[in-house]
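J.: Okay, predicted coordinates and the sequence, questions at the end:
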Amino acid sequence: RQGVPHHPQTCAPHAAPAERGSLTMPHAYGYRGRTRDLFSKKAGANKVEHLTTYLRTYKVGDYVDIKCNPAFHKGMPFKYYHGRTGQIFNVTKRAVGVVVSKQVNGRIINKHIHVRVEHVHPSKCFDEIIRRKKENEAAKATARETGEKVNLKRAPKMPREGYMYTLKAVPETIQPVPFEDIL
């Protein structure tokens with residue numbers, strides 16, 4: 001090009017053409033793309049899978065957390081479902097069918113996927129609801145016996161009560177020391 005000054009650092013007119021793809025990182029959009037850290041285990045966790053994983057009983061309606069185990073490639077769900085919670089709709093010999101909600105373009109779709117048992121764990125998301133139900137039923141029973149009304153609704157944590165603080169000792173007044181320049 002005419003009129004453009006040649007700068008040795010920005011362009012090298014006599015450099016040999018680089019081999020194809022050697023200067024840039026490869027771009028991979030594969031099925032397991034960008035899962036280097038997502039599908040990695042902690043140090044020392046690469047041991048034989050516990051028998052509990054296979055002996056645990058799952059029933060239709062149970063809530064499970066999907067957590068991919070990278071040691072087992074069979075029956076592993078797609079990376080989107082890693083860390084999601086779903087409800088079991090089907091139980092087979094080595095796998096469970098899970099319904100997971102997925103947001104697609106502003107709407108939520110219920111996706112039905114089958115995942116092997118190595119990649120699911122029982123969820124604790126329903127434990128709080130079950131505990132509250134038991135407490136509410138017990139409170140209702142005692143309210144029926146005593147005849148008084150009981151509030152079963154959850155209430156937010158209220159602010160702490162105000163109080164007056166009385167000093168035990170006289171406060172000490174501190175003043176700054178005047179600056180003295182010593183030369």
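T.: Structure's in. What do you need?

J.: Shouldn't residue 80 be within a strand?
T.: No - checked against DSSP: H, G, I helix; E, B strand; the rest coil, residue 80 lies outside a strand; its state is helix.

J.: Identify the residues contacting it.
T.: When contacts are counted by CB atoms under 8 Å, 6 or more residues apart in numbering, residue 80 touches residue 102. For every residue, glycine as well, the C-beta is placed using N, CA and C.

J.: mind redoing it with 6 Å?
T.: Counting by CB atoms under 6 Å, 6 or more residues apart in numbering, residue 80 makes contact with nothing.

J.: go on, residue 24?
T.: For residue 24, counting by CB under 6 Å, 6+ apart, there are no contacting residues.

J.: Are we agreed that it is in a helix?
T.: No - checked against three-state DSSP, residue 24 lies outside a helix; its state is coil.

J.: can you give me phi and psi for residue 116?
T.: Per-residue torsions, residue 116: phi -70, psi 160 (degrees, to the nearest 10).

J.: oh sorry, the question was meant for residue 113
T.: phi -130, psi 150.

J.: same question, residue 139
T.: The phi/psi pair for residue 139 (degrees, to the nearest 10) is phi -70, psi -40.

J.: What helix or strand is the nearest residue to it once chain neighbours are set aside located in?
T.: Among residues not flanking residue 139 along the chain, residue 150 sits closest, at 5.1 Å (CB to CB, 6 or more residues apart in numbering). Assigned by DSSP states H and E, residue 150 belongs to neither a helix nor a strand.
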